[in-house]
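Trainee: Pasted the sequence and its predicted model underneath.
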Amino acid sequence: MILALSTCWNSRRYTDGCPMLREIEELGFHYAELSHGLRVTMLPGILDYLKTGKVKISSVHNYCPQPVEVMGDSPDCLEFTHYDPMHRTRAVKMSCETIDCAVRVGAPVVVLHLGSMPHKDFERKLARRARDQTLLSNDGVRARIEALARREKVAAGYLARITSCLDPIVDHARKKGVRVGFECRSSALEFPMEHEFSALLERYPSDAAGYWHDFGHMQRKENISLGNHWQELSAKSSRLLGAHVHQTIFPDRDHQPLNARGGTVDYSVLSRAVPSGVPLVLELSPRTSAEAVQASAELAHTIFSFTPTTAIL
């Protein structure tokens with residue numbers, strides 16, 4: 001297995017990609033994920049550092065490089081679900097450019113967010129009920145069922161937009177020898193929900209597309225009774241291209257170090273559903289200390305039974 005560190009942890013501190021990757025390598029990582037938010041001006045430094053052979057790129061997260069018109073790190077700045085066809089066309093173009101970037105840096109996988117519907121405070125209300133231990137009250141169950149029913153009535157239209165964007169993206173990825181991973185999201189108002197993955201994975205061949213698991217996102221859903229973490233991961237493990245690894249503090253604080261107190265992701269159980277050879281990426285908050293990053297890597301080494309040559313020295 002491959003253990004990588006996402007540049008979401010340190011990219012905001014740099015304007016040059018070379019020292020950004022050097023810092024990751026000096027922490028003991030042989031692999032990095034290029035996350036969203038990287039400016040195109042950082043690519044020359046990234047390419048220069050990759051020539052040293054000290055670090056390889058495990059995966060690239062859409063959009064990378066960041067669209068020039070976007071100020072700040074925003075992975076959902078362009079959505080496949082947007083009502084405007086011109087917006088969706090731009091999303092397809094920039095996704096294909098991310099695939100081209102993956103080819104340049106030697107990454108085999110591009111991670112995609114597939115979009116969302118207009119957000120309300122549905123999840124925040126459920127999280128508040130979870131903290132108050134009223135999630136399973138009659139009112140809590142009724143609110144969840146009603147919200148999901150409203151989503152189901154309009155989901156088909158959003159999914160049609162998604163596939164109209166994914167068709168050319170997956171085709172481009174296949175021609176370039178890169179696979180795209182559809183990431184599970186943390187909200188019921190984002191796509192896909194767990195029951196919607198099957199149709200997407202059946203639509204696209206395994207040599208070009210697959211499933212990208214996010215442990216923190218799926219745990220947030222389980223914490224507010226929107227899914228079963230073990231069932232969803234194990235059901236899609238045969239199409240698993242990789243995973244984001246981080247801890248979630250009940251109910252919805254994710255991107256925490258693996259040893260975070262009060263964490264709810266049970267890696268001792270969930271790691272059994274991860275096939276051998278799947279790359280895993282520590283996706284930690286920029287507020288995480290370097291010491292906590294190293295501690296997370298060591299813990300991941302133990303959890304997933306890495307050998308020293310494929311994880312950290």
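Mentor: The structure has been received and is ready for your questions.

Trainee: all helices for the stretch 101-250 of the chain, in order.
Mentor: Taking DSSP state H, counting those that start in this stretch as the test, the helices found in the stretch 101-250 of the chain are 122-132, 138-176, 197-203, 215-223, 229-235.

Trainee: which outside residues touch the last one?
Mentor: Identification of contacts with helix 229-235 by C-beta atoms under 8 Å, 6 or more residues apart in numbering yields 184, 194, 213, 215, 218-219, 221-222, 240, 265-266, 269-270, 273-274. Every residue, glycine included, has its C-beta placed from N, CA and C.

Trainee: Quick check: buried residues in it?
Mentor: Buried residues in helix 229-235, counted by 16 or more other C-beta atoms under 10 Å: 229, 232-233.

Trainee: related to what we said a few turns ago, to Lys56, which of the helices of the stretch 101-250 of the chain lies closest?
Mentor: helix 138-176 (17.7 Å; C-beta to C-beta).

Trainee: can you pull out the strands in the stretch 1-150 of the chain?
Mentor: Ranges of strands in the stretch 1-150 of the chain, per DSSP state E, counting those that start in this stretch, are 3-6, 31-34, 56-61, 109-112.

Trainee: How about stretch 41-56, which residues are buried there?
Mentor: Quick answer for stretch 41-56 (16+ other C-beta under 10 Å): 42-43, 45-46, 49-50, 55.

Trainee: measure it end to end?
Mentor: End-to-end distance of stretch 41-56 (C-alpha to C-alpha, to the nearest Å): 19 Å.

Trainee: ditto for stretch 46-64
Mentor: Terminal residues of stretch 46-64 are spaced 12 Å apart (C-alpha to C-alpha).

Trainee: What of stretch 112-123?
Mentor: Per C-alpha to C-alpha, stretch 112-123 runs 22 Å from first to last residue.

Trainee: Mean pLDDT per helix and strand in the chain: which one sits at the bottom?
Mentor: helix 122-132 (a mean of 87; mean pLDDT, DSSP states H and E).

Trainee: re the thing from before, can you tell me which of the buried residues of helix 229-235 lies nearest to Val178?
Mentor: Leu233 (23.4 Å).

Trainee: Against Gln219, how distant is the closest one?
Mentor: 10 Å (C-beta to C-beta, to the nearest Å).

Trainee: Cys77 contacts Tyr63, doesn't it?
Mentor: Yes. Counting by C-beta atoms under 8 Å, Tyr63 is a contact partner of Cys77 at 7.0 Å.

Trainee: what's the overlap in contacts for these two?
Mentor: Any residue near both Cys77 and Tyr63 by C-beta under 8 Å, 6+ apart counts here, and that gives Val70.

Trainee: Counting neighbours, go ahead and name the busier of those two.
Mentor: Per other C-beta atoms under 10 Å, whichever of Cys77 and Tyr63 has more neighbours is Tyr63, with 25 against 19.

Trainee: got a list of what the more buried one touches?
Mentor: 36, 70, 75, 77-78, 94-95, 97-98.

Trainee: Take those residues and write them to a markdown table, including pLDDT and distance to Leu282.
Mentor: A markdown table is the format used below for those (pLDDT from 0 to 100; distance: C-beta to C-beta, whole Å):
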| residue | pLDDT | distance to Leu282 |
| --- | --- | --- |
| His36 | 95 | 16 |
| Val70 | 87 | 25 |
| Pro75 | 90 | 17 |
| Cys77 | 94 | 24 |
| Leu78 | 96 | 26 |
| Met94 | 97 | 25 |
| Ser95 | 98 | 24 |
| Glu97 | 97 | 26 |
| Thr98 | 98 | 21 |
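
Trainee: Which of those residues has the largest number of neighbours?
Mentor: Thr98 (26 neighbours).

Trainee: How confident was the prediction at the residue located most distally from the centre of the chain?
Mentor: Largest separation from the mean C-alpha position in the chain: Asn138, at 33.4 Å (C-alpha atoms, centre = their mean). At Asn138, the predicted lDDT confidence score is 91.

Trainee: Repeat that for Thr52.
Mentor: The per-residue pLDDT reported for Thr52 equals 97.

Trainee: From Val170, how far out is it?
Mentor: Taken as C-beta to C-beta, the span from Thr52 to Val170 is 33 Å.

Trainee: same thing with Arg185?
Mentor: In this view, Arg185 and Val170 are 19 Å apart by C-beta to C-beta.

Trainee: Kindly report the same for Thr134.
Mentor: 43 Å.

Trainee: So for these two, which residue has more residues nearby?
Mentor: The neighbour count for Thr134 versus Val170, taken as other C-beta under 10 Å, is higher for Val170 (23 against 12).

Trainee: can you tell me which residues contact the more buried one?
Mentor: 180, 204, 208-209.

Trainee: Of the contacts of helix 229-235, keep whichever come out buried.
Mentor: Members of the contacts of helix 229-235 classed as buried by 16+ other C-beta under 10 Å are 184, 194, 213, 215, 218-219, 221-222, 240, 265, 270, 273-274.

Trainee: Just put those residues in JSON lines and tack on pLDDT.
Mentor: Listed next are the buried ones among the contacts of helix 229-235 as JSON lines, based on pLDDT from 0 to 100:
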{"residue": "Cys184", "pLDDT": "97"}
{"residue": "Glu194", "pLDDT": "94"}
{"residue": "His213", "pLDDT": "98"}
{"residue": "Phe215", "pLDDT": "98"}
{"residue": "Met218", "pLDDT": "98"}
{"residue": "Gln219", "pLDDT": "97"}
{"residue": "Lys221", "pLDDT": "94"}
{"residue": "Glu222", "pLDDT": "96"}
{"residue": "Leu240", "pLDDT": "98"}
{"residue": "Val265", "pLDDT": "98"}
{"residue": "Leu270", "pLDDT": "97"}
{"residue": "Ala273", "pLDDT": "96"}
{"residue": "Val274", "pLDDT": "96"}
